[in-house]
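Q: The following comprises the amino acid sequence and a computationally predicted model.
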Amino acid sequence: MSRISRVALAVLITVGLSAPALAQAVTQADVQRLQDNTYLAERDITTLRSRDASRASQLQAELDDLKDEVIYLKVKLRKDRTLTRTEFGDVRDRIESVRSRAGTSSASNDTENGNRTPPSDSGRVGASESRPSTRAVPRGYVEVPAGTELDARLQTPLNSGTAQVEDRFEATTLVDLMTDGRVAVPAGSVLRGVVSSVQPATRTSRKAEMTVTFDQVTVNGRDYDLRGTVTQALEGEGIKGDIGKAGAGAAIGGILGAVLGGGKGALLGVLIGGGGMVAATEGKELELPQGTVLRVRLDSPLQVQPSAR
């Protein structure tokens, strides 16, 4: 074999070996688009429910499994720093299949860098905060806009020394959340969240932190998906017991100012960062005890069916 042939063969082998690695390059942005598509699929199923409740229920069961798989992919990519295109593509295609069977053609129309992406009403992460939703609200539902804040009391204590990735936790809302003159989310509704990352304090690195987000709320016995980010943590002991005297349905975001007592407020030793990241500032484990009040911002519109009252 000539020297030129040997060089050419070496180049071909090198390209052949590197191509799979390039094909496997899945980013956090790719996985976030998957999660965005699950929210769009939820919307499609909600719209379908008024036409075919049985089919909608079947698709909802499939979607619930897919949402768990998306969380798994997100955690795996964060921990292992690698995710194959095969794994990514399988979940992406199944989400699109659910959207297609729910009666939408939008899932098959949008492509970005070879990947399916949400239509323009979702866009990039965080876009819902900067422009109003254009989604149709099903009859009998109300829509809580993205950016709305609500306050909830933590029912499950969280500690960076014992928490594990994918641990679930719950909180209950403190006051009625009003939309268009109706109670969209009544006080006492259960918010469910997930720990998506955790870093305990160590001798070498005393920085402890957790990333926590809310992904579901139960309203009048029905579960709805949401995207909620923690923006503030407040001492539970500083909240007076008679929340109702502050006025159910008062402006969310101002409500705690009326019921915080004893000069207490922000939870000491806790720093809230972007994307739901909560960090300890005193060189010890991060601890959010039961009763902590969390202020939660909706990162996407929430459509719910309010009670008749």
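A: Nice, I can see it.

Q: hey, let's count contacts and neighbours off CA atoms from now on
A: Fine.

Q: Beyond the host helix or strand of residue 169, next helix or strand please.
A: Using DSSP states H and E, the element containing residue 169 is strand 168-173. Following strand 168-173 in sequence order, the next helix or strand is strand 177-179 (DSSP H and E).

Q: average pLDDT for that following strand?
A: For strand 177-179, mean pLDDT is 89.

Q: Can you verify residue 192 is assigned to a strand?
A: Yes - counting by DSSP: H, G, I helix; E, B strand; the rest coil, residue 192 is found in a strand.

Q: Quick check: bridge partners of it?
A: When assigned by DSSP bridges, residue 192 has beta-bridge partners residue 170, residue 216.

Q: Please apply the same query to residue 159.
A: Under the criterion DSSP bridges, residue 159 forms beta bridges with residue 287.

Q: so who does it touch?
A: 285-289 (Cα atoms under 8 Å, 6 or more residues apart in numbering).

Q: can I get those in TSV with neighbour count?
A: Formatted as TSV, the contacts of residue 159 follow (neighbours: other Cα atoms under 10 Å):
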residue	neighbour count
285	22
286	26
287	21
288	23
289	15
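
Q: ok, back up a step: just the residues contacting the strand holding residue 169, thanks.
A: 150-157, 186-195.

Q: Go through that strand and flag the buried ones.
A: Neighbour-count burial for strand 168-173 flags 168-173 (criterion: 16 or more other Cα atoms under 10 Å).

Q: Mind picking the one among those that's closest to residue 29?
A: Lowest distance from residue 29 to the buried residues of strand 168-173 (Cα to Cα) belongs to residue 168, with 23.4 Å.

Q: so what's that closest one scoring on pLDDT?
A: pLDDT, residue 168: 94.

Q: Same check on residue 31?
A: Turning to residue 31, the model gives it a pLDDT of 82.

Q: doesn't residue 72 make contact with it?
A: No - Residue 31 is beyond contact range of residue 72, at 10.1 Å (criterion: Cα atoms under 8 Å).

Q: which parts of stretch 273-280 are buried?
A: Neighbour-count burial for stretch 273-280, with 16+ other Cα under 10 Å as criterion, is recorded at 276-280.

Q: Okay, now it: how far is its last residue from its first?
A: End-to-end distance of stretch 273-280 (Cα to Cα, to the nearest Å): 11 Å.

Q: Give me the residues contacting that stretch.
A: 207-213, 229-231, 269-272, 286-287.

Q: More neighbours: residue 31 and residue 72, which one.
A: Set residue 31 next to residue 72 and count neighbours by other Cα atoms under 10 Å: residue 31 wins out with 21 against 15.

Q: And residue 141, how close does it get to residue 182?
A: 10 Å.

Q: again but with residue 29, I slipped
A: 36 Å.
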